[in-house]
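**Student:** Task: produce atomic coordinates for the following.
(chains A and B)
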Amino acid sequence: MKGSGELANVSRRRWLKTLLGFGTGLVMHPAKFLAWAADMTPASDESTLTVRVSRPFEAETPVRAFTSFLTPNDHFFVRSHFGPPSAETVGESQWTLHVGGAVERSNQLTMETLKQFEPMTITAVLQCSGNGRAYHRPKVPRVQWERGAVGNAQWTGVRLRDVLQAAGVRAEARHVMFQGADRPVVATVPLFVRSIPLEKALHPDTLLAYEMNGRPLPLLHGAPLRVITPGWMAESCIKWLTHIELREDEASGYFMQTAYRVPVKSEQKDTGRTDNATAPVEVMPVKSLISSPEDGQAVMAGGVRIKGVAWAGETRIAKVEVSIDEGNTWQRAQLAGDDRLYAWRQWEFLWQAMVQGTFAIVCRATDERGHVQPAVTSWNPSGFLWNGWDRVTIRVHPS
Amino acid sequence: MNTSHVIGGVIPIGLLVFSAVMASSQEDPESVSAMLDPRGERLIIARCAVCHSADLITQQRLSRTRWQATIDKMKHWGAEISDQEADLLIGYLSARFPPNAPANVPPLSHEIGKGEPLKQEPQAPSPVIGVAARGAGVFEHNCQACHGRGAMGGMGPRLAKNPILKLDVLFRETVLYGRGPMPAWSSVLSERDIADVHEWLLTR
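**Tutor:** Purely as a prediction, here's the structure:
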């Protein structure tokens, strides 16, 4: 029994690696993939991802991985509504990108023709809107993400602007709608269709990416092509992209008009209702995380190096502060490493732990526009945009 | 099957579940019995796990109102849940996974036992003769989501002309107890339903 269990674990790990692009991610048969996906057990490989849902596969990154500036592809969080499409559908021989709607010339591009546009690489944080949902009170339905549905990667592709301009943007176009090749199990479930305003689509930093951290985009991360809207929450970064349509209005349908929206003004707690005006989730609010030490870790008294990351959507991080007394007093951390718009900023703080005992370490970031990470994020019906102070509890032992 | 082992496993869970109900004082006695009704768990496997694994459900901690809203949403999206089943599910879910439930309510599979018969029916004295015409409807409502229209395959394997159709016993056991990613259907499909689906599949 033990032997077969180990074997299953090894196979699972291999399966995950294959999907994450370490093997030949695009040759796996879809039915076989789904069988494997269904068989995934939570947290089967603690060293890489924490599985929240085994089918469709949804997993977050243990925050200790965030001591690295770039999040490796096999450590990057995975989230979709229906799981990836069949590998055949998005294989290079079959896949095409349709560009239509309010354009002068509808267009159909192969990967080869797409790559004739000027390539561009950008480092950007991707974060699920529901990251931190587990901390909202009252509790909100949907995947209970904690801290790790976020990552920082290098995305290579072409500018969406170039592709749109080649098709000729007509004057009435105001929104750009995206659709991927993923499909729900049951045909009555709405397709995952989203749109972004034309302004963001024409921004020179908005990409159609085919590489992630210098490797071909893995299937779980949207192969062969995904949208990257730097600074915005990841539901705009449509994976397995096959259709772009320019429109006068926002995309219709559940995932644009009902889901991924937040109340503009007040909230109605735990009624499941959003009668008030809502707006689509877009820019990521300022947020920071502690990546080291880990929650629950024991350290020796003396100098304790506290490390983390901070990011702020379309602006930069101005400062990160650390508190050892639940936010009564704050001390400024040192910003470190690369400073790039849209990427996260690493930070460090040397804490002199003189007394033994248990301590909560809390951090908060402030962005260049003066927004400060709040102690607790205001509640909203879908539990989006959590950016409350991050916290780890550590034990200090005598040295 | 070792009977003492089964009893040993079931009773503590029953107690656990019962004390959990007692702890959540806002629930009325009706929902206590609803929660203890094992059909709630079986329905989750049969009706919800078609599209997503049960771990998505067991991580939620919601009020009855929100469970109700969630079930309504899923029905609206095409989940094959009758009104009676919806009541049962809402009762079960809101009693077992209320906002104040502990973080570590054991996963359903621990109690259900993966692939284990959920409801042992006595062996039919003579095999049930299936009726293909009726089987088409049973298939459409229960199997089509995964096995595709006309049993031509989808998320699950193609069943039309599948060799398993020639192995009556294996086919029946797979439906009853599940296999790999396929959930057990013993709580939802009767021996007659299974025989009818089998008969219909032979015509495909």
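
**Student:** Alongside chain A, which residues does chain B contribute?
**Tutor:** B:50-53, B:55-56, B:59-63, B:65-66, B:69-70, B:77-79, B:99, B:145-146, B:153-157, B:180-181 (C-beta under 8 Å from any C-beta of the partner chain). C-beta here means a position set from N, CA and C on the backbone, and glycine is covered the same way.

**Student:** run the last query once more with 7 Å
**Tutor:** B:50-53, B:55-56, B:59-63, B:65-66, B:69-70, B:77-78, B:99, B:145-146, B:155, B:157, B:180-181 (C-beta under 7 Å from any C-beta of the partner chain).

**Student:** List only buried entries from those.
**Tutor:** By neighbour count, with 16 or more other C-beta atoms under 10 Å in any protein chain shown, the residues of chain B next to chain A hold B:50-53, B:55-56, B:59-63, B:66, B:69-70, B:78, B:99, B:145-146, B:155, B:157, B:181 as buried.

**Student:** tell me the domain ranges of chain B?
**Tutor:** Following automatic domain parsing, one gets these domains for chain B: B:3-112, B:132-202.

**Student:** These: lowest mean pLDDT?
**Tutor:** Lowest mean pLDDT within the domains of chain B: domain B:3-112, at a mean of 74.

**Student:** Helix, strand or coil: sort out the closest residue to residue B:61 other than its chain neighbours for me.
**Tutor:** Sequence neighbours aside, residue A:139 is the residue nearest to residue B:61 in space, at 4.5 Å (criterion: C-beta to C-beta, 6 or more residues apart in numbering or on different chains). Look at residue A:139: counting by DSSP: H, G, I helix; E, B strand; the rest coil, its state is coil.

**Student:** Enumerate every residue touching residue A:139.
**Tutor:** B:61, B:62, B:99 (C-beta atoms under 7 Å, 6 or more residues apart in numbering or on different chains).

**Student:** so which of the residues you listed comes closest to chain A?
**Tutor:** residue B:61 (4.5 Å; C-beta to the nearest C-beta).

**Student:** so who does the closest one touch?
**Tutor:** Neighbouring residues of residue B:61 by C-beta under 7 Å, 6+ apart: A:139, B:97, B:98, B:99, B:101.

**Student:** Ok, residue A:336 next?
**Tutor:** A:346, A:347, A:348.

**Student:** Just name whatever secondary elements the host helix or strand of the last one is in contact with.
**Tutor:** The reference is to residue A:348. Per DSSP states H and E, residue A:348 falls inside strand A:345-353. Counting by 3 or more C-beta pairs under 7 Å, 6 or more residues apart in numbering or on different chains; DSSP states H and E, the packing neighbours recorded for strand A:345-353 are strand A:302-311, strand A:317-323, strand A:334-336.

**Student:** for the helix or strand following that strand, which positions count as buried?
**Tutor:** Scanning forward in sequence from strand A:345-353 by DSSP H and E, the next helix or strand is strand A:357-367. Neighbour counts using 16+ other C-beta under 10 Å place A:359, A:361, A:362, A:363, A:364, A:365, A:366, A:367 of strand A:357-367 among the buried residues.

**Student:** list the buried ones in stretch A:205-224?
**Tutor:** So for stretch A:205-224, counting by 16+ other C-beta under 10 Å, buried means A:205-210, A:212-213, A:215-224.

**Student:** Same question for stretch A:382-399.
**Tutor:** Within stretch A:382-399, judged by 16+ other C-beta under 10 Å, the buried ones are A:382-392, A:394, A:396.

**Student:** could the contacts of residue A:336 be laid out in TSV, adding neighbour count and pLDDT?
**Tutor:** Rendered in TSV, the data for these read as follows (neighbours: other C-beta atoms under 10 Å in any protein chain shown; pLDDT from 0 to 100):
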residue	neighbour count	pLDDT
A:346	24	98
A:347	27	98
A:348	16	98
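
**Student:** Number of residues surrounding residue B:101?
**Tutor:** 18 (other C-beta atoms under 10 Å in any protein chain shown).

**Student:** Checking my notes, residue A:223 in a strand, right?
**Tutor:** No - counting by three-state DSSP, residue A:223 is not part of a strand but coil.

**Student:** Do I have it right that it meets residue A:217?
**Tutor:** Yes - using C-beta atoms under 7 Å, residue A:223 is in contact with residue A:217, at 4.5 Å.

**Student:** Could you name every residue contacting both of those two?
**Tutor:** Joint contacts of residue A:223 and residue A:217 (C-beta under 7 Å, 6+ apart) do not exist.

**Student:** still on that earlier bit, report the angle between the axes of the strand holding residue A:348 and strand A:317-323?
**Tutor:** 20 degrees (axes from the mean of the first three to the mean of the last three C-alpha atoms, to 10 degrees).

**Student:** Since that was my last question, I'll sign off now.
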